[in-house]
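*Asks:* Fold the stuff below for me.
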Amino acid sequence: MQLIVCEKPKVAIKVANALAEGDVKQESVHGVRYYKLKRKGKEIVVAPAVGHLYALKQKEGSGGYPVFDIEWVPAHEVEKRAAFSRKYLKALQALCKKADEFVNSCDYDPEGSLIGYNVIRFAGKSEKGKRMKFSALTSDDLRSAYDDAGELDYGNVQAGEARHMLDWFYGINLSRALMEAIKKAGTFRLMSIGRVQGPALKILSVRERSIKSFKSKPYWLLTANVRGTSFTNKRGKFKSKEGAKAALERSSKEGSVIAVEVRQYKQPPPPPFDLTSLQLEAYRWFKFSPALTLNLAQSLYENSFISYPRTASQKLPSKLNHPKLLATVAKNEKYKEQADRLIADGRMKPHEGKKEDPAHPAIHPISPESPSEPREAKLYDLIVKRYLACFAEWAKRESGRIELQLGEENYEAKGARTVERKWMDYYEPYVKFDEISLPPLAENELVKAEKLGMNEKKTKPPARYTHASIIQELEGRNLGTKATRSAIIETLHRRGYITGKKIQVTPLGLAVVDALSHSCPQILDEELTRRIEMEMEFIRTGELEEEKVLEHGKEILREILDAFRKREDQIGRELRESLMETREKQNLLGKCSACGGDLKIIRLPTGSVFVGCSGYPKCRMSYPLPQRGKIVPLGKVCEKCGTPMVRVFRARSRPFDMCLEPKCETKKEWGKKRADVKSSKKKDSE
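*Replies:* Model prediction:
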C-alpha cells in the first residue's frame, strides 16, 4: 500500500479525489479521516497531517543555558497548543505500519518538505519516498504532480531542519539568558529574543528613538495662486523667516511664463503578487494585518480559489496555460467582460516583476467562483484584478511642469494625469495615481497672480512603521522568510516589546535593545542573520552540508552567550527598571477629576482589578473594571462624562470600548440589551 501524506485535511480530500480512477472510500482511524483509492491498479491511502507533528525538545537537563542536545519528538509532548495534533500523529503511525511506499504531498517548500519527511522517517521508519510538487490544488495539477513525482527533496528537508534547529538554539538559549538575568534582578517576566526577532526589534527601536529625539523646526514656503493653481517658489523651503520675507518682497503678482514642459510616458501595470506585495496591498486597501492576509490567502489556497500563497515569485510562466486560466476567470460573471476582452485581444504574455522563486509562480486565481466569506472575497477580488491587469496594455501618463517669473523670483507647479487608462480599468478600484491638472499656459504668456503669500510649516518626524511596512523592510534587508516575518512581529507584540498598529516600541523593548547592544551586539546583528539565511539556501541547493552550518551556528552562539554572562547582572537591572516603567505606563489611565492625581489600574493579590487614584488614602476616587479580559488605556476621555476610556479584549469576542463611569449615559442600554437577549432565548425555548 502507498501512503500519501498531505499537510492539511482539506488538501488530503482534494488529492484523493484528483487521483482516484474510481470511487474514493472514506475511512477513519483514531478519529481522523483518511481516503482509500486505486490508481493504475495501485492501492493508495491519502492521509493528512495538521502542519508539524514533530517538534524539537531538549533531551535532558535543567533550564539553564547553553543547551544544544535536542531531538525530534511528537509536537503534542512539547506544546500544549499542539494537543489537537496527537490524534493525527496516531492515525499516521497506524497507517504507516501498513504502507510499503511513501509520498510526501505537503507544500513544496522547506517547511512542507520537513513536515512530510518527519512523518515518513519517524512514523514510517523509512528514509525513502517520492515527492509531489504542485502550486495549485486543481485536479490537473495534482495528477501531474503525482505522475511526475521524483525522489524526496532532501535539500529542502535539510534546509528546513537546519532552520528549525538554529531557531531553537538561538531562541531558547537567548531567551533563557534574558529570563535568568531578570530573575537575578529580583523579578520575573516571560521574555524571548531570537536570531530574527533581535534585528527586527533593533530596526524598530532605531526608528522609535529617531521619532522621540526629533525636534520640529519651522520652515517657510512662498506660494502664488495663478489660474486656480498653486505655484511654489523654486527655492523650496526657507529655513529663516527673514529669508522668506526678502524673497516675497522680490516677488511680484505680475509676471510671465518662462518654461512649459510636457512629457508622456508608458506606465506598466504592477507585477503579479508575491506574498509580501499581497500583504502590503491588502493592508493599503483593507487594513488587513499581514498575519490576517496570510491566513486568508492560505484558506483561499486550500479551498482551490488561488495558487500557493507563500511564494516570493513575481513571475507567471507560460506553462500555467494562461488562455485556460483566463477562460476559467471569465466564467465568473464579475470578471467575464474583462477576461473575455483579454482573450479576444490575444494578450497572453503577462507583465512580470523581478523577483523569482524556484518552487512556485506568482499568486494567481484558479477558480471560476468567488469565496463567500467577506474578507476572503475582498482578497480574492484583489488577486483576480491584479492578475487580469498584468495582461493589459500599459497605460499612458503625462507629466508637466510650468515655471513662472514673478518679479525677481521664479515659481513652478508640477502636474500629472492619465491619458490612456488601459490596465487601470482592469485593476479598479485598486488604482491610485495623482491626477493634478495644470492651467493651459504657453511660454512668454503674461500672467497675474490672484494671491501671493508666505506659509509657515513645521518639519515632521519620521513615520512610524506599520505591520505591513516593517515586513517590507525586513524583506528588503533579507531578514526572516516570506512565511515567518508576520509571525515575528506578532511575537514582539505578545512579549510587550512593541504596541499599536502604528508601531511604538515600549520602554521594555528599548531596554532589551540597549542591554543587548552594550553586552552582546551580535544578537542584534543583521549581517549574522543574513548570513544564516544564505547558508540555508546553500543547504537547499547542496552547496553546504547541514551539519557544518549547525556547528558554525553553535560556535557563534557560544561566543554570544559567554559575553552575555559577563554582564548578566547589569542586563538584569536594566531590564527590571524598564519593565517597571512599561507596567506603570500600561496601567496609567488619566487624571483624577477629584484631586488631579493619576488614575491607575490596580491589581490585587486575589486577582481582582479596579481603578484607583495615586492620591490614596487622601483621595478615595475609584472605578470598577471588568474582571475578565485584557484592559488597554485609549488615551482619551468620554465625550459624555469626561472619564478616561479603555478598551477591553476578551477571548473569542470582539473588543469593546468603555468609559470608567458606571452611571454614564453611554451605558444606559447595556443591561437592557442583556435582558432582551435572555428574554429572547427564553421565548425560543418555550
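
*Asks:* Just the C-alpha atoms of stretch 609-619, please, in PDB.
*Replies:* In PDB, the C-alpha atoms belonging to stretch 609-619 read as follows (Å, rounded to 0.1, in the frame of the first residue of the first chain):
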ATOM      1  CA  VAL A 609      -8.800  44.700  39.300                       C
ATOM      2  CA  PHE A 610     -10.200  48.200  39.700                       C
ATOM      3  CA  VAL A 611      -9.200  51.800  39.100                       C
ATOM      4  CA  GLY A 612      -7.700  53.800  42.000                       C
ATOM      5  CA  CYS A 613      -6.100  57.200  42.500                       C
ATOM      6  CA  SER A 614      -2.400  57.800  43.200                       C
ATOM      7  CA  GLY A 615      -3.600  60.200  45.800                       C
ATOM      8  CA  TYR A 616      -4.900  57.400  48.000                       C
ATOM      9  CA  PRO A 617      -5.600  57.400  51.000                       C
ATOM     10  CA  LYS A 618      -6.300  61.100  50.900                       C
ATOM     11  CA  CYS A 619      -8.300  60.700  47.700                       C
END
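
*Asks:* Would you mind pulling the contact partners of that stretch?
*Replies:* 589, 592, 594-595, 597-603, 620-625, 627, 631, 660 (CB atoms under 8 Å, 6 or more residues apart in numbering). Backbone N, C-alpha and C define where each C-beta goes, glycine included.

*Asks:* rerun that using 7 Å as the cut-off
*Replies:* 589, 592, 594-595, 597-603, 621-625, 627, 660 (CB atoms under 7 Å, 6 or more residues apart in numbering).

*Asks:* One more: stretch 210-223?
*Replies:* Outside of stretch 210-223, the residues within contact range by CB under 7 Å, 6+ apart are 230-233, 237-239, 241, 244, 247-248, 251, 453-459, 461-462, 464.

*Asks:* Domain ranges for this structure, per the record?
*Replies:* The record assigns the chain these domain ranges, following automatic domain parsing: 2-152, 163-212+464-579, 218-267+397-420+430-458, 275-391, 587-682.

*Asks:* could I get those as a markdown table with mean neighbour count and mean pLDDT?
*Replies:* What follows is the domains of the chain, written out as a markdown table (neighbours: other CB atoms under 10 Å; pLDDT from 0 to 100):
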| stretch | mean neighbour count | mean pLDDT |
| --- | --- | --- |
| domain 2-152 | 18 | 95 |
| domain 163-212+464-579 | 19 | 91 |
| domain 218-267+397-420+430-458 | 15 | 97 |
| domain 275-391 | 19 | 95 |
| domain 587-682 | 14 | 82 |
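
*Asks:* Okay, and which of the contacts of stretch 210-223 map to helices?
*Replies:* Lys241, Ala244, Ala247, Leu248 (DSSP state H).

*Asks:* list the contacts for the third one?
*Replies:* When you say that, I think you mean Ala247. Under the criterion of CB under 7 Å, 6+ apart, the neighbours of Ala247 are Leu222, Asn233, Arg235, Phe238, Glu409.

*Asks:* From Ala224, how far off is the last one?
*Replies:* Glu409 sits at a distance of 9 Å from Ala224 (criterion: CB to CB, to the nearest Å).

*Asks:* now do the fourth one
*Replies:* Phe238 sits 15 Å away from Ala224 when distances are taken as CB to CB.

*Asks:* Name the SS class of the nearest residue to Lys237 once chain neighbours are set aside, please.
*Replies:* For Lys237, the nearest residue in space outside its immediate sequence neighbours is Tyr219; the separation is 4.3 Å by CB to CB, 6 or more residues apart in numbering. Taking DSSP: H, G, I helix; E, B strand; the rest coil as the rule, one finds Tyr219 in the strand state.

*Asks:* Name whatever forms a beta bridge with Tyr219.
*Replies:* Partner residues in beta bridges with Tyr219: Lys457, with DSSP bridges as the criterion.

*Asks:* same check, this time on the one 5 residues further on
*Replies:* According to DSSP bridges, the residues that bridge with Ala224 are Phe231, Leu452.

*Asks:* which residues touch it?
*Replies:* Ala224 makes contacts with Phe231, Leu406, Tyr411, Ala449, Leu452, as judged by CB under 7 Å, 6+ apart.

*Asks:* Equivalent analysis for Gln522, please.
*Replies:* With CB under 7 Å, 6+ apart, Gln522 has these contacts: Leu528, Ile560.

*Asks:* you'd agree it is in a helix?
*Replies:* Yes: Gln522 sits within a helix when classified using three-state DSSP.

*Asks:* elements contacting whichever strand or helix holds Ser28?
*Replies:* If you go by DSSP states H and E, Ser28 is part of strand 25-29. Packing partners of strand 25-29 (3 or more CB pairs under 7 Å, 6 or more residues apart in numbering; DSSP states H and E): strand 32-39, helix 86-96.

*Asks:* Starting from that strand, tell me which strands it pairs with and how they run.
*Replies:* Looking at strand 25-29 with DSSP bridges, its paired strands and their directions are strand 32-39 (antiparallel).

*Asks:* where's the strand it pairs with relative to the chain centroid, distance-wise?
*Replies:* Centroid separation for strand 32-39 versus its chain: 36 Å, with CA atoms, centre = their mean, to the nearest Å.

*Asks:* Past that strand, which element shows up next along the chain?
*Replies:* As the chain continues past strand 32-39, the following element, by DSSP H and E, is strand 42-48.

*Asks:* on that earlier part again, between the helices and strands packed on strand 25-29, which one is nearest to Arg652?
*Replies:* Ranking the helices and strands packed on strand 25-29 by proximity to Arg652 (CB to CB) places helix 86-96 first, at 22.8 Å.

*Asks:* what inclination does that closest one have with respect to strand 32-39?
*Replies:* Between the direction of helix 86-96 and that of strand 32-39, the angle (axes from the mean of the first three to the mean of the last three CA atoms, to 10 degrees) works out to 30 degrees.

*Asks:* can you pull the alpha-carbon coordinates of the next helix or strand after helix 86-96 into PDB?
*Replies:* Scanning the chain past helix 86-96 towards its C-terminal end, the next helix or strand to appear is strand 101-104 (assignment: DSSP H and E). Once side chains and other backbone atoms are set aside, the C-alpha atoms of strand 101-104 remain, and they are given as PDB (Å, rounded to 0.1, in the frame of the first residue of the first chain):
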ATOM      1  CA  GLU A 101       5.700   3.100  -0.200                       C
ATOM      2  CA  PHE A 102       5.500   6.800   0.900                       C
ATOM      3  CA  VAL A 103       4.800  10.000  -0.900                       C
ATOM      4  CA  ASN A 104       5.200  13.500   0.500                       C
END
